[in-house]
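Engineer: Just the structure for this:
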Amino acid sequence: MTFNLTDLLKEGYKHLSGANEAVFSNIEACKGLAAIVRTSLGPNGMNKIVVNHLEKLFVTNDAATIIKELDVIHPAAKIAVLASQMQETEVGDGTNFVLVLIGELLSNAEALLQKGLHTTDIIAGYSKAGDKAQELLNELVMYKLEDIRNEAEVAKALRSAIASKQFGYEDLLSPLIARACIQVCPKNPKNFNVDNVRVAKILGGGVFDTQVVNGHVVTRDTDGTIKHLQKVKVAIFAGGIDAAKTETKDTVLITSADQLLNYNRGEEQAIEKVIKAIAETGAKVLVAGGPIGELAMHFIERYQMMVIKVLSKFELRRVAKAVGATPVARLGAPTPEELGYCDVVTVEEIGSTKVTIFRQEEESKGISTLLVRASTQNLLDDFERSIEDGVNVYKGMARDGRFVPGAGATEIELARRVQAFGDATPGLVQYAIRKFADAFEVVPRTLSENAGHNPIDMIPLMYAAHQDGNPNAGIDIEGGVVADSKTMAIYDLLSAKSSAIRLVTDAVCTILRVDQLIMAKPAGGPKPPQQGGRDED
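Structural biologist: Below you'll find the model as predicted:
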């Protein structure tokens, strides 16, 4: 008597097993995912238009954004997505490389499975090849950044990361990102925090109007009439600036006109006392995290103070960090320790948008802002993503400043050396090691295809150059020839490449180990909210 698994499980369960149903369907799903993002790889990568479940439109070639908005549900493809997201979290760059390499390795594994090689041998070969590739990466170091505070050197190292997203704007954006990062770089560069470099997006103008501000930019006007102050103390309140309200509801019985006048006068005197106490501390700029009452506004104007309302608690913290203040929960005179200082607080009209700039003339207190201009909202979002990539690369080079050749040179050299390692390895695992080496060719092949060149001509030329002793030979996408990536100044961060290969190997081995899929029927009703998301301010 044969036992059916569906008799064991609740109604609605889906069970897939065997080579065709489980293994090959998993491989096909991951190959389909890789095919989506593959055409977006490199400087000539194509854009994708993604409309998410909220009908928000995204026009981008950033793999992390595409995958995030696609809402992938296939279990095996989700493993590839998780590997890509982990690369984004750890390094902030190289997400597309992860997905493309996963797709290619699984495609090569499929060919081996069809020839009769067992999954165990493929996994063992891939694990060995992955470890060997990690070793070889350290031998391919072409350039090491010595001074993390040298603007010209940092800009040179950032160029290729920016060019892969915004080809043509790398010479404009790289120095700006370098300056912004160096301004907020702590004494120990390994403690660099990417959240200290902010992006303020202002519609209108052109990308060439983008500038760096040493301080924080709030994209709204001040509430009072004072629009410019210099060398001032700043008080920050977590709540609003208004008359105190009682927690319980009471009724006040007023029997005469005098009582009514005294009641109003008492409220006025209470607010004036609070505002006067704040003014006496020397604070000239007030930042409120809630609404500002009309009566409070009147006295703030009388005491010649500037006031701005910042409703986002995240932005309020960043303003506090930019001026070195502590947000005060109570409404009253802050202590000298709670007050911040700013060299210039001014309102400027950029395009048709009024912004309040907290600018530090001397050294930065910890926040640097890139004021980005572009003609459409989609362009602004895309430039913001490119800047975030650049800042993440700076964080990576602050921890490890070693770089390997870009332009597909590292991949061809790894393919060549891992292939030789496979030839020297006994047993059936050598077939898997060779296929692992072949998979690296997908990067130079995709770069040349996306640039409109013929990869059949390009890859043999690259192999020939590497065989002749030039491990830096990569693709010159503009000329369609093989050139030295050091001469072209195209560098890839070693830590990003190393992390990607490790994540790819783990993800592929995990997917290949799966031989059955058992899926429950999805529960009805709304999906539970995701916890611990990144703030979007």
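
Engineer: Sort out which residues of stretch 58-75 are buried, please.
Structural biologist: Within stretch 58-75, the residues that qualify as buried by neighbour count (16 or more other CB atoms under 10 Å) are 58, 60-70, 72, 74. C-beta: built from backbone N, CA, C; applies to glycine.

Engineer: Next step: the residues you listed restricted to helices.
Structural biologist: In helices, defined here by DSSP state H, the members of these are A63, A64, T65, I66, I67, K68, E69, L70.

Engineer: Can you add pLDDT and distance to A80 and give these back as TSV?
Structural biologist: Formatted as TSV, the entries for those read as follows, by pLDDT from 0 to 100; distance: CB to CB, whole Å:
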residue	pLDDT	distance to A80
A63	81	11
A64	81	13
T65	82	16
I66	84	13
I67	83	9
K68	82	13
E69	81	16
L70	81	12
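
Engineer: tell me which of the residues you listed is nearest to F208?
Structural biologist: T65 (24.3 Å; CB to CB).

Engineer: Residues in contact with stretch 274-283: which ones?
Structural biologist: Taking contacts as CB atoms under 8 Å, 6 or more residues apart in numbering, the residues outside stretch 274-283 that touch it are 232-235, 286, 296, 299-300, 302-303, 305, 331-334, 336, 339.

Engineer: 6 Å instead?
Structural biologist: Applying CB atoms under 6 Å, 6 or more residues apart in numbering, the set of residues contacting stretch 274-283 from outside is K233, A235, F299, I300, Y303, L331, A333.

Engineer: now, among those, which is nearest to T487?
Structural biologist: Lowest distance from T487 to the contacts of stretch 274-283 (CB to CB) belongs to K233, with 53.0 Å.

Engineer: so what's that closest one scoring on pLDDT?
Structural biologist: With respect to pLDDT, K233 has a value of 86.

Engineer: now for the helix or strand containing it, which elements pack on it?
Structural biologist: According to DSSP states H and E, K233 maps onto strand 228-237. Packing partners of strand 228-237 (3 or more CB pairs under 6 Å, 6 or more residues apart in numbering; DSSP states H and E): strand 283-288, strand 340-350.

Engineer: May I see those organised as TSV, with distance to V504 and mean neighbour count added?
Structural biologist: Formatted as TSV, the helices and strands packed on strand 228-237 follow (distance: least, CB to CB, whole Å; neighbours: other CB atoms under 10 Å):
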stretch	distance to V504	mean neighbour count
strand 283-288	46	25
strand 340-350	43	18
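
Engineer: what's near enough to touch A489?
Structural biologist: With CB under 6 Å, 6+ apart as the criterion, the residues that contact A489 are K156.

Engineer: which residues of the chain score low on pLDDT?
Structural biologist: 1-21, 243-248, 250, 259, 262-267, 363-365, 517-537 (pLDDT under 70).

Engineer: Quick test: name the residue nearest the centre of it.
Structural biologist: E388 (4.8 Å; CA atoms, centre = their mean).

Engineer: Just confirm that one is within a strand.
Structural biologist: No. Read with DSSP: H, G, I helix; E, B strand; the rest coil, E388 is helix and lies in no strand.

Engineer: Would you mind measuring from it to V372?
Structural biologist: Counting by CB to CB, to the nearest Å, the gap from E388 to V372 is 11 Å.

Engineer: Which residues outside stretch 298-307 are in contact with it?
Structural biologist: By CB under 6 Å, 6+ apart, stretch 298-307 touches T222, D223, G224, I226, L229, E272, I275, A279, K284, V285, L286.

Engineer: ok, and for stretch 388-408, which residues are buried?
Structural biologist: Residues 388-398, 401-408 are the ones in stretch 388-408 that count as buried (16+ other CB under 10 Å).

Engineer: Those in helices, which ones?
Structural biologist: E388, D389, G390, V391, N392, V393, Y394, K395, G396, M397, A398.

Engineer: And for the nearest residue to the first one once chain neighbours are set aside, the neighbour number?
Structural biologist: I take that to be E388. Closest residue to E388 apart from its sequence neighbours, by CB to CB, 6 or more residues apart in numbering: G92 at 6.8 Å. Burial of G92, expressed as a neighbour count using other CB atoms under 10 Å, amounts to 22.

Engineer: quick one: secondary structure of G92?
Structural biologist: coil.

Engineer: V212 now?
Structural biologist: Secondary structure state of V212, per three-state DSSP, is strand.

Engineer: Excluding chain neighbours, give the residue nearest to A63 in space.
Structural biologist: Nearest-residue entry for A63: N96, 3.6 Å, with adjacent residues in sequence omitted and distances by CB to CB, 6+ apart.

Engineer: that's a helix at that neighbour, yeah?
Structural biologist: Yes. When classified by three-state DSSP, N96 is found to be part of a helix.

Engineer: just the ones in helices among the buried residues of stretch 58-75 now: which is nearest T376?
Structural biologist: T376 lies nearest to T65 out of those, by CB to CB, at 16.1 Å.

Engineer: where does the closest one sit relative to V59, distance-wise?
Structural biologist: 10 Å.

Engineer: A320 now?
Structural biologist: Going from A320 to V59 by CB to CB gives 35 Å.

Engineer: Which residue ranges of the stretch 301-450 of the chain form strands?
Structural biologist: 306-309, 340-350, 353-359, 368-374, 402-405 (DSSP state E, counting those that start in this stretch).

Engineer: try the stretch 1-150 of the chain
Structural biologist: 14-17, 48-51, 57-60, 143-144.

Engineer: Compare these and give me the one nearest E349.
Structural biologist: With CB to CB as the yardstick, what comes closest out of the strands of the stretch 1-150 of the chain is strand 57-60 (28.3 Å).

Engineer: Sheet partners, orientation included, of that closest one?
Structural biologist: Strand pairing for strand 57-60, determined by DSSP bridges: strand 48-51 (antiparallel).

Engineer: contacts for the partner strand?
Structural biologist: Applying CB under 6 Å, 6+ apart, the external contacts of strand 48-51 come out as L57, F58, V59, I66, E69.

Engineer: can I get the CA coordinates of stretch 409-422 in CSV?
Structural biologist: These are the backbone C-alpha positions of stretch 409-422, laid out as CSV (Å, rounded to 0.1, in the frame of the first residue of the first chain):
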residue,chain,number,x,y,z
ALA,A,409,38.8,41.9,-15.0
THR,A,410,38.5,40.3,-11.5
GLU,A,411,35.9,37.8,-12.7
ILE,A,412,37.9,36.6,-15.7
GLU,A,413,41.1,36.2,-13.6
LEU,A,414,39.0,34.2,-11.0
ALA,A,415,37.5,32.1,-13.7
ARG,A,416,41.0,31.3,-15.1
ARG,A,417,42.5,30.4,-11.8
VAL,A,418,39.6,28.5,-10.4
GLN,A,419,39.4,26.5,-13.6
ALA,A,420,43.1,25.6,-13.1
PHE,A,421,42.3,24.6,-9.5
GLY,A,422,39.5,22.4,-10.8
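
Engineer: How far away from the center of its chain is it?
Structural biologist: Between the mean C-alpha point of stretch 409-422 and the mean C-alpha point of its chain there is a distance of 30 Å (CA atoms, centre = their mean, to the nearest Å).

Engineer: Great, nothing more from me.
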